[in-house]
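1. fold the following and give me the result.
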Amino acid sequence: MNLKNKKVTKPSTGVSWFVFDETVIGLLLLICGTFYYTYHTLSFVKKEQDISNTVIDKTRIATISSNDISPYLDGVVQIICLSNNEKLTSGSGILWKFENNKYNILTNNHVVSGAKKCAMSTNDTNNKNSGIFSVEITNNENKKDTDISILNIGKSLSVGNKNISDYNYNLSSLRKCPSKSSIGSPVAIIGYPSYTKRDSTINIKNMGTVSTVYRATTNGIISSYDTSLLKPIGNLSNENYFISAKIDIGNSGGVALSKDTDGLCMLGLPTWVTVGDFENQGLVQNINNIIQ
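-> Numbering: from 1, shown residues only. A predicted model of the protein is given here:
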């Protein structure tokens, strides 16, 4: 046998294929990792955008706009009373139509308590006086643990008044807010606060000359619940509300509106202000404790 000319074949080690396979696997892992990272990053961004859009949508729903309150502005009236010592006081009230088609004013009892005579002054949507009527305070109606009076509208006291039925009673048909609205819900207060008093005057028959007070709106949120008069301690079935919206002397008896996913609703009546060391906190009587 000629061993000298015989071709000897060396066994293959497979190193080059191993290197190639490792490179391919590495590239595949890199591609998969990049895809995984990109997919989850985009998913996270989309999720954040969805959450953001949801918050924005809820914020838009919960924002009380001028369009929301415009149909109700001239349904809030000023209540002017003359006390036994001839002192004039001012508060707010709501034009209210009951199921028996009786036209009344819903207000706080302390607005008319102790007065010998009162009158109602209405302003149109431009804050121009649109009528003055007497208010019959002898038939006021009070409910225990609520500072509420339901007053009869009396005789016309100014020239050019419309018929009582032709004024704005939209608030009496507005949906009531849930019996316990959420903390943080928006609030709009409409009334006749003392800080809008001006030097111009109006004359009310048998009462005298009264400074003009303009209707005003302030905004805030429900900041806390007042449970001090809930059963069994008191006689109320629903919490009243502490709110951050500005309430001043004269706002008592006006209206507090709120808004949820079902739209605008009546929260209740602004009643008084608690003055603290650093913050003034208004209180609203829950409409569900007032109108059943």
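2. contacts only, for Ser172.
-> 94-98 (Cβ atoms under 8 Å, 6 or more residues apart in numbering). Where you see a C-beta, it was placed from the backbone N, CA and C, and this is true even at glycine.
3. now swap in Leu95 and tell me
-> 75-77, 103-105, 122, 167-169, 171-172.
4. cutoff 10 Å now
-> 72, 74-77, 103-106, 120, 122, 153, 164, 167-172 (Cβ atoms under 10 Å, 6 or more residues apart in numbering).
5. which ones among those residues are found in strands?
-> Counting by DSSP state E, these place 76-77, 103-106, 120, 122, 153 in strands.
6. okay if I get these as CSV plus distance to Ser228?
-> As requested, the ones in strands among the contacts of Leu95 are exported to CSV (distance: Cβ to Cβ, whole Å):
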residue, distance to Ser228
Val76, 27
Val77, 29
Tyr103, 34
Asn104, 28
Ile105, 27
Leu106, 23
Met120, 31
Thr122, 34
Ile153, 33
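7. got those residues as CSV, with distance to Thr63 and pLDDT columns?
-> As requested, the ones in strands among the contacts of Leu95 are exported to CSV (distance: Cβ to Cβ, whole Å; pLDDT from 0 to 100):
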residue, distance to Thr63, pLDDT
Val76, 20, 98
Val77, 26, 98
Tyr103, 32, 91
Asn104, 31, 93
Ile105, 29, 95
Leu106, 26, 94
Met120, 31, 96
Thr122, 28, 95
Ile153, 34, 93
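8. out of those residues, which one sits closest to Cys177?
-> If you rank those by distance to Cys177 using Cβ to Cβ, Leu106 comes first, at 15.5 Å.
9. the bottom helix or strand of the chain by mean pLDDT?
-> Ranking every helix and strand in the chain by mean pLDDT, DSSP states H and E puts helix 15-62 at the bottom, with a mean of 58.
10. that older thread, just the buried subset of the contacts of Ser172, written out for PyMOL, thanks.
-> A single PyMOL command selects the buried members of the contacts of Ser172 (16 or more other Cβ atoms under 10 Å):
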select buried, resi 94+95+96+97
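11. quick one: the helices in the protein, in order.
-> Listed in chain order, the helices of the chain (DSSP state H) span 15-62, 66-69, 109-112, 287-290.
12. what's the offset of the last one from the middle of its chain?
-> Distance of helix 287-290 from the chain centroid (Cα atoms, centre = their mean, to the nearest Å) equals 16 Å.
13. which other helices and strands contact it?
-> The helices and strands touching helix 287-290, judged by 3 or more Cβ pairs under 10 Å, 6 or more residues apart in numbering; DSSP states H and E, are strand 255-260, strand 263-275.
14. need the contact partners of that helix.
-> 106, 143, 145-148, 150, 174, 176-181, 229-230, 234-240, 255-256, 258, 265-269.
15. before we move on, the earlier item: which among the ones in strands among the contacts of Leu95 gets closest to Thr196?
-> Val76 (12.7 Å).
16. ok, and the closest non-adjacent residue to the closest one?
-> Ile190 (4.7 Å; Cβ to Cβ, 6 or more residues apart in numbering).
17. can you give me the pLDDT of that neighbour?
-> Per-residue pLDDT puts Ile190 at 98.
18. what residues are up against it?
-> 69, 72-76, 92, 94, 171, 215-218, 251, 254-257, 270.
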